[in-house]
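# dropping the sequence and predicted coords here.
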Amino acid sequence: MRVDQITDKFQTSMGDLARRAGELGRRAADSGVGERIKDPPLIDPIRYRHLLVSLLKFLAVIELVSAFLHGAGGEGWLRFGVDLIVAGILYLMWERLTVLLRERKATSRQQIETNPDAIRLWDALIFSLLWSDEIMRDIPKDRSRLIVISYTLITIGLVAAFFQIGSGLMPLVITGALIMAAVNLVIWVVSLEREEKESLQTELRLAHEVQMSLMPKTRPQVPGFDIAAIAQPAREVGGDLFEYSSVGEENGGFGVAVSDVSGKGLQAALAAVFTSGAFATEVRRTASPAEILTRMNRVVFSHSRRGQFVAFLLAVFDRSEMKVVFANAGQTKPLLLSAGRTQWIDAVGVHFPLGMQSDSAYQERAVLLRSGDIILLMTDGITDAMNAAREPFGVERIEQFLLQPGLASSPAQELVDQLTSAVRLHVGSAPEHDDMTLVAVKVA
């Protein structure tokens, strides 16, 4: 079996390998699965791939030299001509294809990701060549050794075929068996990643359901206030929440809480459930936002995992005295629009999130209100929302949004809808990495 035949079979097999390895890399990169083992592999797969390519080139050169010697003896000029053509094609494939087809790079990856069942061999070959380095970098570290072993098996198969180990069909059998073993290894790696990804997706779905179940389903009807809110979970579910509650046993006012649990997934959702339960208990005991947060902090510190914190803001609105009293534990500052001017309201005292220190004693601040004032309560998913250029939405855009002519007369729900639409427009096609929660309170 000549090198051109071996190379053709090798390219066919590697097209399938690239498709499967690309799916593996994409899934692992999206989910974070496969980062458990931090030690680097014994052999760098990318360097190993370059070594394998160099070996193929070396075998091709040997084949060309052999064909030329046979041709010089008058026996094999046809073989030399065919091998020379094959060598030229291989040269174009390995050295020039990336340059010639660079504009097809994104298209080839999209085809592989969106419709892998109907992918053509040529498209798979282009993808494997153009995205080879990215594919290798995306393979999880605790699976890299298996990919190296797969390459080793393919290399042994090529060497066995080239040096005619055995007779008759034996070289083809050896090569086929080794390549099949290599492909099976990659398939097994992909199946492991798929199982872990499916498990992760189940966890994220449960976390999303838990997160949504805690938040109010309808807008509250509070005399003197127009209140609207939205919570938009990111792809990776976090622990953002907004809640409404009467505060204190009698005449305590109406409370709006916005919280953000550190972390992602089911653990963050369960921590949000616990925090919500602690909030529901404490708001019945006192009307003081500072005292509520101080009590909650002790509970959260005692029962949460170390390193897990809860940014929590509680604002209590009192129509009879036309004021809002709030305490802030590490949450984004409230934004007040009053008399055509915007102001980010600083808290007083400690600003630590709940659960960071056991003895944090929070303080509260009162702000007088007037008819037509608007207060926005939000998590950092609004201000930190980034576009593809990694430019955050930022506080200035929020201020400019509120200062638009005529916006102050809009209902609270319209304010929420327009601001979240502006954030989505800014983000564009960039992935959303954090939840976005926004509550608008307008004084009638």
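Thanks, I have it. Residues are numbered from 1 along each chain as shown.
# now do residue 189: how many residues are near it, please.
Using other Cβ atoms under 10 Å, residue 189 has 24 other residues around it. To be clear about C-beta, it is placed using only N, CA and C from the backbone, and glycine gets the same treatment.
# that one sits in which helix or strand?
For residue 189, the element it lies in under DSSP states H and E is helix 170-214.
# just residue 426 next, same as before
If you go by DSSP H and E, residue 426 is part of helix 412-427.
# who's in contact with that helix?
The contact list for helix 412-427 (Cβ atoms under 8 Å, 6 or more residues apart in numbering) reads 219, 226-230, 232, 374, 376, 382, 385-387, 393, 397-398, 401, 407, 410, 436, 438-442.
# same check on stretch 220-228?
With contacts defined as Cβ under 8 Å, 6+ apart, stretch 220-228 is touched by 219, 244, 254, 256, 317, 319, 411-413, 415-416, 439-444.
# show me what counts as buried in it.
Across stretch 220-228, burial judged by 16 or more other Cβ atoms under 10 Å covers 222, 225-228.
# any chance of TSV for those residues, columns secondary structure?
Below are the buried residues of stretch 220-228 laid out as TSV (DSSP: H, G, I helix; E, B strand; the rest coil):
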residue	secondary structure
222	strand
225	strand
226	strand
227	strand
228	strand
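# and those as CSV, adding pLDDT and distance to residue 109?
Listed next are these as CSV, based on pLDDT from 0 to 100; distance: Cβ to Cβ, whole Å:
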residue, pLDDT, distance to residue 109
222, 90, 51
225, 94, 50
226, 94, 47
227, 95, 45
228, 95, 41
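# which residues in the protein form helices?
For the chain, applying DSSP state H gives helices covering 3-31, 45-72, 77-91, 97-100, 105-114, 121-130, 132-138, 144-162, 170-214, 265-282, 289-303, 380-383, 394-402, 412-427.
# any idea of the mean pLDDT in stretch 300-314?
Mean pLDDT, stretch 300-314: 86.
# how many neighbouring residues does the nearest residue to residue 342 once chain neighbours are set aside have?
Of all residues not flanking residue 342 in the chain, residue 399 sits nearest, at 4.6 Å (Cβ to Cβ, 6 or more residues apart in numbering). Residue 399 has 15 neighbours, counted by other Cβ under 10 Å.
# before we move on, the earlier item: and the contacts of helix 412-427, which of them are in strands?
Under the assignment DSSP state E, the contacts of helix 412-427 contribute 226-230, 232, 374, 376, 436, 438-442 to strands.
# adding distance to residue 148, write the residues you listed out as CSV.
Shown next, in CSV, are those (distance: Cβ to Cβ, whole Å):
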residue, distance to residue 148
226, 62
227, 59
228, 56
229, 52
230, 48
232, 42
374, 60
376, 53
436, 42
438, 48
439, 52
440, 55
441, 59
442, 62
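# looking at those, spot the one nearest residue 354.
For these, the minimum distance to residue 354 (Cβ to Cβ) is 18.5 Å, reached by residue 439.
# that closest one contacts residue 374, correct?
No. The criterion here is Cβ atoms under 8 Å, and residue 439 misses it with residue 374 at 11.1 Å.
# per-residue confidence for the residue nearest to residue 342?
Here the pLDDT value assigned to residue 399 is 93.
# distance of it from residue 344?
9 Å (Cβ to Cβ, to the nearest Å).
# for residue 256, list each beta-bridge partner.
residue 244, residue 315 (DSSP bridges).
# contacting residues for it?
By Cβ under 8 Å, 6+ apart, residue 256 lies in contact with 227, 242-244, 314-315, 317, 377, 439, 441.
# returning to that earlier point: pull out the buried residues from the contacts of stretch 220-228.
Using 16+ other Cβ under 10 Å as the burial test, these include 244, 254, 256, 317, 412-413, 415-416, 439-443 as buried.
# possible to save those residues as CSV with pLDDT and distance to residue 160?
Putting the buried ones among the contacts of stretch 220-228 into CSV (pLDDT from 0 to 100; distance: Cβ to Cβ, whole Å) gives the following:
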residue, pLDDT, distance to residue 160
244, 93, 72
254, 92, 79
256, 95, 72
317, 94, 79
412, 94, 74
413, 94, 71
415, 94, 71
416, 94, 67
439, 96, 68
440, 96, 71
441, 95, 75
442, 95, 77
443, 93, 82
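# of the residues you listed, closest to residue 209?
The closest of the buried ones among the contacts of stretch 220-228, once distances to residue 209 are taken by Cβ to Cβ, is residue 244, at 20.3 Å.
# helix or strand with the lowest mean pLDDT in the chain?
Across the helices and strands of the chain, mean confidence by mean pLDDT, DSSP states H and E is lowest for helix 3-31: a mean of 41.
# which intervals of the stretch 301-444 of the chain have sub-threshold pLDDT?
For the stretch 301-444 of the chain, no stretch is flagged by pLDDT under 70.
# one more pass at 90, please.
Scanning the stretch 301-444 of the chain for pLDDT under 90 picks out the ranges 301-309, 319-321, 339-340, 347-351, 357-359, 381, 387-390, 405-410, 427-436, 444.
# same deal with the stretch 101-250 of the chain?
Scanning the stretch 101-250 of the chain for pLDDT under 90 picks out 101-218, 223, 231-241, 246-250.
# who are the contact partners of residue 395?
Neighbour list for residue 395: 335, 344, 383 [criterion: Cβ under 8 Å, 6+ apart].
# please apply the same query to residue 408.
Counting by Cβ under 8 Å, 6+ apart, residue 408 touches 337, 340, 372, 374, 402.
# thought the third one was touching residue 443?
In other words, residue 372. Yes. The pair residue 372 / residue 443 is scored as a contact, 6.4 Å apart, by Cβ under 8 Å.
# returning to that earlier point: between the buried residues of stretch 220-228, which is closest to residue 328?
Of the buried residues of stretch 220-228, the one sitting nearest to residue 328 (Cβ to Cβ) turns out to be residue 227, at 18.8 Å.
# and the closest one, bridged to which residues?
According to DSSP bridges, residue 441 are recorded as the beta-bridge partners of residue 227.
# give me the domain ranges for the chain.
Domain assignment for the chain, taken from automatic domain parsing, gives 3-206, 215-443.
# straight-line length of the longest one, end to end?
Distance between the boundary residues of domain 215-443 (Cα to Cα, to the nearest Å) amounts to 22 Å.
# same thing with stretch 294-312?
11 Å.
# ok, and what's touching it?
239, 257-263, 267-268, 271-272, 274-275, 278-279, 282, 285-286, 293, 328-332, 352-358, 360-362, 379-380.
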